[in-house]
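Colleague: Let me see the structure of the following:
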Amino acid sequence: MLRSLVFPRVTVAPKNVIHLSINGDRFGSKCCMENLWEKSSRKINNGNVGVSVRDQVSPLINVENTEVSMNGIQEEIRAKEMELSDGLGIVRFITGKVFLITGATGFLAKVLIEKILRTVPDVGKIYLLIKAKDEESAMQRIKTEIINTELFKTLQQAHGKSHQQFLLSKLVPVIGNLCESNLGMEMEISEQLANEVDIIINSGGNTTFDESFDVSLSTNTLGPCRFLSFAKRCKKLMLFLHVSTAYVNGERQGTLLEKPFNLGDSIAREKAASESPTRSFPLLNVEAEVEMALDARNGFQDSTVSTTMKELGLERAKTYGWHDTYVFTKAMGEMMIGNQREEIPVVIIRPSVIESTSIEPIPGWIEGIRMLDPLLISYAKGVLTGLPVDGKAAIDIVPVDMVVNAILAATVKHARMRTPGLSIYHVGSSVMNPILLQDFFGYFHDYFKSSPYMDLKKRPINIERMKLFNSMDEFHSHIQTEAVQKTGDATQGKNFLRRLRKSLDIAKHLAKIYEPYMFYGGRICAGLITPIQRNCGKRCLKRSRGALDLM
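Modeller: Got it, this is the predicted structure:
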């Protein structure tokens with residue numbers, strides 16, 4: 001289980017989704033880090049100030065380096081905030097609106113909350129569904145996990161000594177839980193929210209790939225249903241926005257369009273129909289999957305239930321054409337939303353791999369262990385020297401601030417229309433700006449060679465280029481050979497052998513968990529969100545220095 005692996009924090013942003021304009025030359029997805037840094041002696045014309053390419057890229061790699069460029073970044077952020085007054089009129093629309101947001105202490109929702117408060121200080125209220133035992137605990141979580149974090153530094157600077165007063169006047173904790181009936185809210189609070197809320201954003205979920213099947217179902221499949229039931233009671237509701245993942249597309253190949261799921265759909269059923277029109281494949285029955293998980297959980301002893309439920313989730317996911325329990329249960333959550341939404345306007349946002357911020361509010365900011373971090377940190381520590389990978393496959397990464405911009409643009413467009421319906425938007429880079437896995441690992445080899453991890457004795461860890469293997473068998477042969485070579489020294493003690501066995505177990509686990517994503521044959525098309533973002537205003541189309549294209 002990924003969460004059981006403790007890794008140091010690493011702050012990394014994709015190099016391939018940035019566009020740098022150097023004396024009129026535009027460098028995009030095919031420009032590797034070496035080429036960029038070889039050109040570091042050339043200057044970007046930024047008024048009367050010359051800024052090297054290294055200065056432009058470094059803040060996206062290491063958050064410790066962000067202070068040097070904050071002045072320019074703040075100017076850019078202020079310019080972007082002005083953009084919002086054009087086109088869709090995001091600022092005008094959000095002013096006075098009341099939001100209800102789940103997953104508030106999570107990575108994505110936290111950036112979304114900061115963006116709203118920074119760009120639209122006259123927003124009405126933002127209710128935050130928080131797991132807590134009482135009001136005092138809920139308020140403490142908001143202060144420690146949101147208000148007083150590094151992410152809110154820009155807001156703190158803008159409001160000075162009154163920043164906490166401002167934030168607490170807008171952020172209202174609501175004790176609740178997606179896994180409970182009525183979202184775990186007290187009836188009085190529930191009625192108050194039903195009378196006030198204009199926009200609901202469900203960013204809560206369980207992102208562990210191999211989570212226990214029953215736990216993942218309760219959060220990712222049934223959780224949205226519970227939230228939707230509450231949404232139907234909201235008298236002023238303009239929009240229900242649900243954050244899913246682009247990888248609900250499962251084992252689909254080629255260019256992946258924004259296609260909704262209906263009850264009974266599955267990737268395996270699609271594949272069977274494409275191979276033979278006469279071939280039948282059973283419909284996916286969501287209710288039956290839930291009953292199966294509950295029956296299975298009740299049928300096992302406590303000592304074995306965790307492992308068994310994890311195995312069951314992975315087995316069911318692969319049966320129907322999904323990679324793991326996470327994306328399987330998220331896909332079923334989408335099906336249930338589509339089936340039960342009735343007259344509620346619904347938007348589903350499907351981002352790909354969300355990593356650190358590109359520009360705002362702080363370049364290179366990240367929190368917690370993101371999807372790719374276990375791989376990268378294990379590589380930097382010398383634990384993972386190879387991996388089964390299709391080097392020509394694309395890894396789809398998007399900065400979190402890009403996802404937030406897409407959420408706000410889609411929110412305003414559809415909340416203003418208030419038309420019953422279901423709209424789906426991908427937020428990804430692999431069609432318009434792909435980065436190949438062979439290049440991806442090459443970039444990180446170069447980075448960790450120049451900025452190595454330190455071992456327990458504070459010595460730099462020397463790494464070689466990641467070895468890419470065509471199959472799991474080749475990978476297993478590699479790590480076994482490597483282990484034999486390392487144990488050849490008879491002077492090594494028991495502690496060394498214990499650490500070696502642990503490293504082998506981690507390498508095998510990571511290879512197994514990430515294998516579907518390292519051989520992913522789909523390219524995530526984000527064509528529908530692009531026109532909406534362009535309508536944010538003419539300034540959105542301009543490329544400022546070192547800025548990330550909105551799409």
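Colleague: most centrally placed residue in this structure?
Modeller: residue 354 (3.1 Å; Cα atoms, centre = their mean).
Colleague: burial measure for the residue lying closest to that one once chain neighbours are set aside, as a count.
Modeller: Counting by Cβ to Cβ, 6 or more residues apart in numbering, residue 400 is the residue found nearest to residue 354 once chain neighbours are left out, at 5.2 Å. Where you see a C-beta, it was placed from the backbone N, CA and C, and this is true even at glycine. Neighbour count of residue 400, defined by other Cβ atoms under 10 Å: 25.
Colleague: any idea of the pLDDT on residue 400?
Modeller: Looking at residue 400, its pLDDT stands at 97.
Colleague: For the helix or strand containing residue 507, which residues meet the burial criterion?
Modeller: Assessed by DSSP states H and E, residue 507 sits inside helix 494-518. Using 16 or more other Cβ atoms under 10 Å as the test for burial, helix 494-518 gives 500, 503-504, 506-507, 509-511, 513-518.
Colleague: Residue 480: which of the residues you listed is nearest?
Modeller: residue 504 (8.3 Å; Cβ to Cβ).
Colleague: Tell me how far that closest one lies from residue 95.
Modeller: 56 Å (Cβ to Cβ, to the nearest Å).
Colleague: now residue 216
Modeller: 38 Å.
Colleague: So between those two, which is more surrounded?
Modeller: Per other Cβ under 10 Å, whichever of residue 216 and residue 95 has more neighbours is residue 216, with 31 against 13.
Colleague: re earlier: the residue nearest to residue 354 and residue 353 touch, don't they?
Modeller: No - between residue 400 and residue 353 there is no contact under Cβ atoms under 8 Å: 10.5 Å.
Colleague: where in the stretch 1-150 of the chain is pLDDT low?
Modeller: Counting by pLDDT under 70, the stretch 1-150 of the chain has low-confidence residues at 1-88.
Colleague: ok, now with 90
Modeller: 1-90 (pLDDT under 90).
Colleague: cool, the stretch 151-300 of the chain as well?
Modeller: 275-281, 297-300.
Colleague: Helices of that one, start to end?
Modeller: Along the stretch 151-300 of the chain, the stretches classed as helices by DSSP state H, counting those that start in this stretch are 153-159, 163-170, 187-196, 213-216, 222-231, 267-275, 286-299.
Colleague: end-to-end on stretch 464-474?
Modeller: Stretch 464-474 has an end-to-end distance of 18 Å (Cα to Cα, to the nearest Å).
Colleague: For it, buried residues please.
Modeller: Here stretch 464-474 shows 466, 467, 468, 469 as buried, counting by 16+ other Cβ under 10 Å.
Colleague: where do the helices sit along the stretch 451-551 of the chain?
Modeller: Using DSSP H, counting those that start in this stretch, helices in the stretch 451-551 of the chain cover 472-486, 494-518, 529-534.
Colleague: Which of the ones you listed sits closest to residue 155?
Modeller: Per Cβ to Cβ, nearest to residue 155 of the helices of the stretch 451-551 of the chain: helix 529-534, 23.5 Å.
Colleague: Which strands or helices does the closest one pack on?
Modeller: helix 400-417, strand 421-427 (3 or more Cβ pairs under 8 Å, 6 or more residues apart in numbering; DSSP states H and E).
Colleague: State the mean pLDDT of it.
Modeller: pLDDT averaged over helix 529-534 gives 78.
Colleague: Return the set of buried residues in it.
Modeller: Result for helix 529-534 [16+ other Cβ under 10 Å]: buried residues 529, 530, 532, 533, 534.
Colleague: Also stretch 266-276?
Modeller: Per 16+ other Cβ under 10 Å, stretch 266-276 contains these buried residues: 266, 267, 268, 269, 270, 271, 272.
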